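Engineer: here are the coordinates; sequence isn't available:
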Ligand code: ATP
Ligand code: ZN
């Protein structure tokens, strides 16, 4: 008999708590006192870097340009791309103290007394990066080369979604490839990657499959945005069962932005037309957690075929 949604969700929560306990007990993750914020133990980190190397070996002929950005970015970038219209509940804005001596005394006494001290903070010029590709578009203003551009980025990303699910962290790493260029080339690249992504994850023994998806847009207005995104097939995810087979987890995402970022930042193809952009993201921690859940907490005992890929 089909389980109802509430009992599927309850089973998922139980499985999340059990998985989190296992990851902590095996020293893979380290509790930092807040749901969704974890230290990474040596085995977790080593395996994650091996996954990264595996991806780099598979994509070496793509000749993507690696770029690195810190996990904070200019606040105006977040404002310009309408992130606060769509995801105000996930955004992380950095505040700091800019007051006088007197206000400093007030701040310290409120902190000591356990009172609310948020009124003594002011917004700074920086926000936590919500997706690895966001700092990229503003530096790409201008005309792209004939074949467009392909960039390889990894960043810690912040989303305020505290959860007992170890696969839903507040700070996690996203590795992205971002393609910019003429619409046909961008669409073909995304299609090529959907197949390649599934093959790559199946090679690691994960039961991975592609689904149409939408972003978690906020509020009533957000429901329309989600429907549009699905109708236009702008977002796909590769999902795998981690803590529930009925509610699988997205471990890789493919987003087609069309001219959303390039119009804002005036990114043009070699023919002078507004370029199109798309990105794909590997959720690095989620992929690790899927591997630990599927093959066990000790990589030394993972199936030989999987080990061959990661320990070549
Ligand atoms: P979800 O639907 O699960 O909330 P998303 O659609 O918001 O994910 P994207 O914005 O497409 O995710 O992010 C790219 C990738 O980053 C996802 O495919 C996923 O693997 C990973 N990711 C997203 N949110 C989290 C999170 N809170 N913790 C860990 N990894 C995440
Ligand atoms: Zn992106």
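Structural biologist: Here it is on my side, so go on. Quantities reported herein were computed from a predicted structural model and do not represent experimental measurements. Ligands and ions are numbered 1, 2, ... in the order given.
Engineer: low pLDDT regions in the protein?
Structural biologist: Applying pLDDT under 70 to the chain flags the ranges 1-2.
Engineer: can you map out the helices along it?
Structural biologist: 5-25, 42-58, 75-80, 83-86, 101-113, 183-203, 219-231, 260-265, 284-295, 304-310 (DSSP state H).
Engineer: For the last one, name the packing helices and strands.
Structural biologist: In terms of contacts (3 or more C-beta pairs under 8 Å, 6 or more residues apart in numbering; DSSP states H and E), helix 304-310 is packed against helix 42-58, helix 183-203. Every residue, glycine included, has its C-beta placed from N, CA and C.
Engineer: With the shortest one instead?
Structural biologist: On a contact count with 3+ C-beta pairs under 8 Å, 6+ apart, helix 83-86 meets helix 219-231.
Engineer: Mind giving me the packing neighbours of the helix it packs on?
Structural biologist: So helix 219-231, by 3+ C-beta pairs under 8 Å, 6+ apart, packs with helix 83-86.
Engineer: Now the helix it packs on: buried residues?
Structural biologist: Neighbour counts over helix 83-86 (16 or more other C-beta atoms under 10 Å) mark 83, 86 as buried.
Engineer: what about it, near ligand 1?
Structural biologist: No: applying C-beta under 6 Å from any ligand atom, one finds helix 83-86 separated from ligand 1 by no less than 10.9 Å.
Engineer: can you tell me how far the most far-flung residue of the chain relative to its centre sits from residue 192?
Structural biologist: Farthest-out residue of the chain from its mean C-alpha position, per C-alpha atoms, centre = their mean: residue 102, at 41.4 Å. Using C-beta to C-beta, to the nearest Å, residue 102 is found at 61 Å from residue 192.
Engineer: Then residue 29?
Structural biologist: Residue 29 sits 34 Å away from residue 192, going by C-beta to C-beta.
Engineer: swap in residue 227?
Structural biologist: From residue 227 to residue 192 the distance is 27 Å (C-beta to C-beta).
Engineer: what do you get for residue 92?
Structural biologist: Applying C-beta to C-beta to residue 92 and residue 192 gives a distance of 33 Å.
Engineer: okay if I get the helices of the chain as TSV plus distance to residue 211?
Structural biologist: TSV is the format used below for those (distance: least, C-beta to C-beta, whole Å):
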stretch	distance to residue 211
helix 5-25	17
helix 42-58	21
helix 75-80	28
helix 83-86	21
helix 101-113	46
helix 183-203	11
helix 219-231	10
helix 260-265	22
helix 284-295	15
helix 304-310	24
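Engineer: Spell out which residues of the protein are next to ligand 1.
Structural biologist: Going by C-beta under 6 Å from any ligand atom, the residues of the chain near ligand 1 are 131, 159, 161, 167-169, 172, 174, 215-216, 237, 250-253, 281, 283, 285-286.
Engineer: and those, which are buried?
Structural biologist: Using 16+ other C-beta under 10 Å, the buried members of those are 131, 159, 167-169, 172, 174, 215, 237, 250-253, 281, 283, 285-286.
Engineer: Also near ligand 2: which of these, exactly?
Structural biologist: Restricting these to those touching ligand 2 (C-beta under 5 Å from the ion) yields residue 131.
Engineer: can you tell me which of the buried ones among the residues of the chain next to ligand 1 are in strands?
Structural biologist: 172, 174, 237, 250, 251, 252, 253, 281, 283 (DSSP state E).
Engineer: what's the closest of these to ligand 1?
Structural biologist: For those, the closest approach to ligand 1 (C-beta to the nearest ligand atom) belongs to residue 283, at 1.9 Å.
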